[in-house]
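Visitor: got a sequence here, can you build the structure:
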Amino acid sequence: MKSIILHEGKLLWIFTALALLLIISFGFFSYKVEIDNKSLSYKISLTKSSRNYIKLENIDKKFLDSIVAIEDHRFYSHGALDYISIVRATINNVKARRVVEGGSTITQQLAKNLCLSNERSFKRKFKETLLAFQLEKKYSKEEILELYVNVINFGDGNIGIGQAAKGYFGKNAKYLTYGEATMLAGLPQAPGVYALSKNNELSKKRQNQVINALEKYNGIKEENFAVTPKFECNK
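Guide: Okay, here's the model as predicted:
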C-alpha cells in the first residue's frame, strides 16, 4: 500500500512538472514567434526613423525627471523588473480584490508599446518580461528612456513627446515649462481618461500626483504650474 502511494505521489510530481514545462514552453514559443515576426531591433529602427522621433538631448529635462518620478522612480537602479513594485502591487490588488495597481517598469512598458498588444493575459505578460530583459541587455537606460517617451500615448492622437508638446502646447519638446512638463508626464498612465480635451479636472489631479512624486523622489518643486493647452490635437 505504501509503495502504491509513493508511486502515485511520484506520478503527480511528474505530471505537475510536465504541465509547468508545457506552460513555459508555450509561453517561450509564443515569444519566439513574436520576435521572429516583429524583430525587436527592427521595431526600434522603425521607431527611430519616424519624423516625429526626438533625441533625449532635445527633450526638456523637467519632463524626463517627471515621467521617471511618476512612472518608475527606481528606473535607474533596477533591471528589467522592479521586484519591490511587483510585491507592493500584488498586495494592494489582493486587498482590493481587483487590479488597482500595476508593477510594470518603464522597460516593460516600452516592450509592450513596441511589440505587443494591450491584451491582459499571462502569455502577453510573459513575452513582455522576456522582451524587457532583452532591452536591458542591449540598450542603456538613456536609450530605453528615449525610446519610451517617443512611443507612449499622451491622448488626443498624440503619440510620443514630440507630438504631445506640439499638439497640446504648440511648442518644441525642449522648451516646456514646469507646468507643461508635469502635466504631460501624467497623461500616459491613462491617455483616454486624462487627455486634455476630455477631462481637464482629472488631468490636473494627475498633474498634482506628478508634482508630489517629483518633490518626493527628486526634491524638485515649483509654485507656478498653471498651464493653458492650445488643443492643437493630432486627430
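Visitor: how much space between E142 and T47?
Guide: In this structure, E142 lies at 15 Å from T47, with C-beta to C-beta, to the nearest Å as the measure. All C-beta spots, glycine's among them, are computed from the backbone N, C-alpha and C.
Visitor: typed the wrong thing, it's L176
Guide: 21 Å.
Visitor: which one's more surrounded, those two?
Guide: Summary of the neighbour comparison: L176 and T47, criterion other C-beta atoms under 10 Å, with L176 having more neighbours (26 against 18).
Visitor: pretty sure the more buried one contacts K61?
Guide: No: with contact defined as C-beta atoms under 8 Å, L176 does not count as touching K61 (9.5 Å).
Visitor: for the closest residue to A80 other than its chain neighbours, give me its contacts.
Guide: If you skip the residues right next to it in sequence, A80 has A132 as its closest partner in space, 3.8 Å away by C-beta to C-beta, 6 or more residues apart in numbering. When contacts are counted by C-beta atoms under 8 Å, 6 or more residues apart in numbering, A132 is found next to 80-81, 105, 107-108, 110-111.
Visitor: is V193 in contact with N199, as I believe?
Guide: Yes: V193 is within contact range of N199, at 6.6 Å (criterion: C-beta under 8 Å).
Visitor: how about N153, phi and psi?
Guide: phi -90, psi 130 (degrees, to the nearest 10).
Visitor: S117 too?
Guide: Taking degrees, to the nearest 10 as the convention, S117 sits at phi -90, psi -180.
Visitor: swap in I159?
Guide: When read as degrees, to the nearest 10, the backbone of I159 gives phi -110, psi 120.
Visitor: what residues does the host helix or strand of A181 touch?
Guide: A181 is part of helix 178-186 when elements are defined by DSSP states H and E. Among residues not part of helix 178-186, those counted as contacts by C-beta under 8 Å, 6+ apart are 60, 62-63, 66-67, 69-71, 154, 161, 164-165, 168-169, 171, 176, 194, 196, 203-204, 206-207, 209-211, 214, 222, 224-227, 229.
Visitor: so how many other residues sit close to N199?
Guide: If we define neighbours as other C-beta under 10 Å, then N199 has 15 of them.
Visitor: and the gap between V151 and Y42?
Guide: With the distance defined as C-beta to C-beta, V151 ends up 14 Å from Y42.
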